[in-house]
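# Generate a structure from the sequence data that follows.
(2 chains)
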Amino acid sequence: DAGVIQSPRHEVTEMGQEVTLRCKPISGHDYLFWYRQTMMRGLELLIYFNNNVPIDDSGMPEDRFSAKMPNASFSTLKIQPSEPRDSAVYFCASSLGDSYSYEQYFGPGTRLTVT
Amino acid sequence: AQTVTQSQPEMSVQEAETVTLSCTYDTSESDYYLFWYKQPPSRQMILVIRQEAYKQQNATENRFSVNFQKAAKSFSLKISDSQLGDAAMYFCAYRTYGGATNKLIFGTGTLLAVQP
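Residues are numbered from 1 along each chain as shown, chains lettered A, B, ... in the order given. Below you'll find the predicted structure:
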């Protein structure tokens, strides 16, 4: 398996622009997670889905952030409008819900820079 | 709410030596999972080792082992025969056992340097 795939790997955008991050989970996994990593706040869970349905979005910082999972093999995290404080590494992870440990497999991350 | 604390922002070890990274957590639950993840400079998060709270035996994966003290809510990671490739940020994480909640709660990480 190719693992969790994220695109783009790097994104540089100007403040006010819309940014869309993409994720393809491991085939067969029924959970998908979006994390944000910054020096100040560490790793934060933004939102997670089970069977394409958002379960917990309490970590989404504000209305500028939205996430969708239209099918089992694709998810997006959108920021509109982007701000410099959104600069971070965004990780997508997936897991198999009925495995004994629910191990989460992470993608390589997208480094977002908002200028 | 559960919390995970890693009190060592940075650690250093000589190649071939042993190092222990500390992690404590707070929870009122009796069953849960604990994990150590490694994040090398490539940014990729890699699972190092996992521990089920209901198991008394400490988990071991090759050179990596844990010291799980449930009563003390402590979950330290021991790396034996340290190698240059072990240099990375290490995160301790907690997950509720079973149920609908499938969130990982991470500590702030420990940056491990390995000196040749």
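# Find the residue closest to A:D30 in space, skipping its chain neighbours.
Nearest in space to A:D30, with sequence neighbours left out and distances taken as CB to CB, 6 or more residues apart in numbering or on different chains, is A:G97 at 4.8 Å. Where you see a C-beta, it was placed from the backbone N, CA and C, and this is true even at glycine.
# and what of B:Y33?
For B:Y33, ignoring the flanking residues on the chain, the nearest one in space by CB to CB, 6+ apart is B:R95 at 4.4 Å.
# Report the buried residues of the helix or strand hosting the one you found.
Here B:R95 sits within strand B:88-96, counting by DSSP states H and E. Judged by neighbour count using 16 or more other CB atoms under 10 Å in any protein chain shown, the buried positions of strand B:88-96 are B:A88, B:M89, B:Y90, B:F91, B:C92, B:A93, B:Y94, B:R95, B:T96.
# can you check stretch A:54-68 too?
So stretch A:54-68, judged by 16+ other CB under 10 Å, has buried residues A:I55, A:D56, A:G59, A:M60, A:F65, A:A67.
# how about it, does it reach chain B?
Yes. Contact between stretch A:54-68 and chain B is present through A:I55, A:D56 (criterion: CB under 8 Å from any CB of the partner chain).
# can you list the residues of chain B near chain A?
B:33, B:35, B:37, B:42-47, B:50, B:52, B:91, B:95, B:100-109.
# Any quick PyMOL command for the buried ones out of these?
This is the PyMOL syntax for the buried subset of the residues of chain B next to chain A, where burial follows 16+ other CB under 10 Å:
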select buried, chain B and resi 33+35+37+43+44+45+47+50+52+91+95+102+103+104+105+106+107+108+109
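# can you tell me which two in the buried residues of stretch A:54-68 are farthest apart?
Pairwise distances among the buried residues of stretch A:54-68 were taken by CB to CB; the largest, 16.1 Å, belongs to A:I55 and A:F65.
# who's in contact with the residue in chain A that chain B sits nearest to?
Of all residues in chain A, A:F106 sits closest to chain B, with a separation of 3.7 Å (CB to the nearest CB). Under the criterion of CB atoms under 8 Å, 6 or more residues apart in numbering or on different chains, the contact list for A:F106 reads A:V4, A:Y35, A:F91, A:C92, A:A93, B:Y37, B:Q44, B:M45, B:I46.
# any chance of the residues you listed in CSV, with distance to A:E14, pLDDT and secondary structure too?
Below are the contacts of A:F106 laid out as CSV (distance: CB to CB, whole Å; pLDDT from 0 to 100; DSSP: H, G, I helix; E, B strand; the rest coil):
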residue, distance to A:E14, pLDDT, secondary structure
A:V4, 28, 96, coil
A:Y35, 24, 96, strand
A:F91, 23, 97, strand
A:C92, 24, 97, strand
A:A93, 29, 95, strand
B:Y37, 33, 96, strand
B:Q44, 28, 88, coil
B:M45, 29, 91, coil
B:I46, 34, 93, strand
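# and which of those is nearest B:V4?
So of these, ranked by how close each gets to B:V4 (CB to CB), first place is B:Y37, at 11.5 Å.
# That closest one contacts B:F91, doesn't it?
Yes. B:Y37 sits in contact with B:F91 when judged by CB atoms under 8 Å, with a separation of 4.6 Å.
# Quick check: neighbours shared by those two?
By CB under 8 Å, 6+ apart, the residues touching both B:Y37 and B:F91 are B:M45, B:F106.
# interface residues of chain A facing chain B?
Contact residues (CB under 8 Å from any CB) of chain A with chain B: A:31, A:33, A:42-43, A:45, A:48, A:50, A:55-56, A:89, A:91, A:93, A:95, A:97, A:101-106, A:108-109, A:111.
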